[in-house]
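J.: Based on what follows, work out the 3D shape:
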Amino acid sequence: MSDVSSWLLAITGVILLSVLCEMILPEGQMNRYIRVIFSFITIFVIIAPLPKLLGKNLDFSTLFPSSDLSLQEDYLYELNLNKLDAITKDLQSEIERQGIYNVSVSINANALSEELEIYGVYVELCDIEFSDNFENKNIENAKSTINEIISYMPSLREVPIEFSS
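T.: Predicted coordinates for the structure are as follows:
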């Protein structure tokens, strides 16, 4: 008996909600759309127990394919790649702003996770050049300057750094 009473309560609730919306919304095009939507909802609530009465389960997953999940994963992957590219460009431009040129920066990260996971920064100093105003033009000073730049970047603060000369 509780299934029937909950079914009748659901029908009553949908009808009351539709009447309330009709009273609140002004007359016009929007009211007609809302009335049609509530009509579909009411019909759905009325026929919802039929598959259970007939002994069959209604599977809504076939009606609405789950391709949304793969779209979300693709979106997160692209978003993480864009973040990674922006971090790399910011790091590269800050290094050049300090007077160190021809430095290649690579960031090891997992772009497939929900949130970008950065594992390490690889800095190649093979073709390093210095500007005229850079003090102590040696690789050790360049490494300490690059370490300092990386430590100021919030997303790279606790990340290990490797240098290659």
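J.: I figured Tyr101 hits Ile128, correct?
T.: Yes: the pair Tyr101 / Ile128 is scored as a contact, 7.3 Å apart, by Cβ atoms under 8 Å. For every residue, glycine as well, the C-beta is placed using N, CA and C.
J.: Now Leu81. Nearest residue, chain neighbours left out?
T.: Ala111 (5.2 Å; Cβ to Cβ, 6 or more residues apart in numbering).
J.: Contact partners for that neighbour?
T.: Under the criterion of Cβ atoms under 8 Å, 6 or more residues apart in numbering, the neighbours of Ala111 are 77, 80-81, 84.
J.: Next one: it from Gln92, what distance?
T.: When distance is defined by Cβ to Cβ, to the nearest Å, Ala111 is 18 Å away from Gln92.
J.: ditto for Thr42
T.: Taking Cβ to Cβ as the measure, Thr42 falls 60 Å from Gln92.
J.: Comparing those two, which residue is more hemmed in?
T.: When Thr42 and Gln92 are compared for neighbours, Thr42 comes out ahead with 16 against 13, by other Cβ atoms under 10 Å.
J.: before we move on, the earlier item: looking at the contacts of Ala111, spot the one nearest Val4.
T.: Nearest to Val4 among these is Tyr77, at 48.7 Å by Cβ to Cβ.
J.: The closest one belongs to a strand?
T.: No: read with DSSP: H, G, I helix; E, B strand; the rest coil, Tyr77 is helix and lies in no strand.
J.: pretty sure it contacts Glu114?
T.: No: checked against Cβ under 8 Å, the pair Tyr77 and Glu114 is beyond contact range at 10.1 Å.
J.: Only the buried residues of the lowest-mean-pLDDT helix or strand in the chain, if you could.
T.: Within the chain, no helix or strand scores below helix 50-54, which has a mean of 74 by mean pLDDT, DSSP states H and E. Within helix 50-54, not a single residue qualifies as buried, counting by 16 or more other Cβ atoms under 10 Å.
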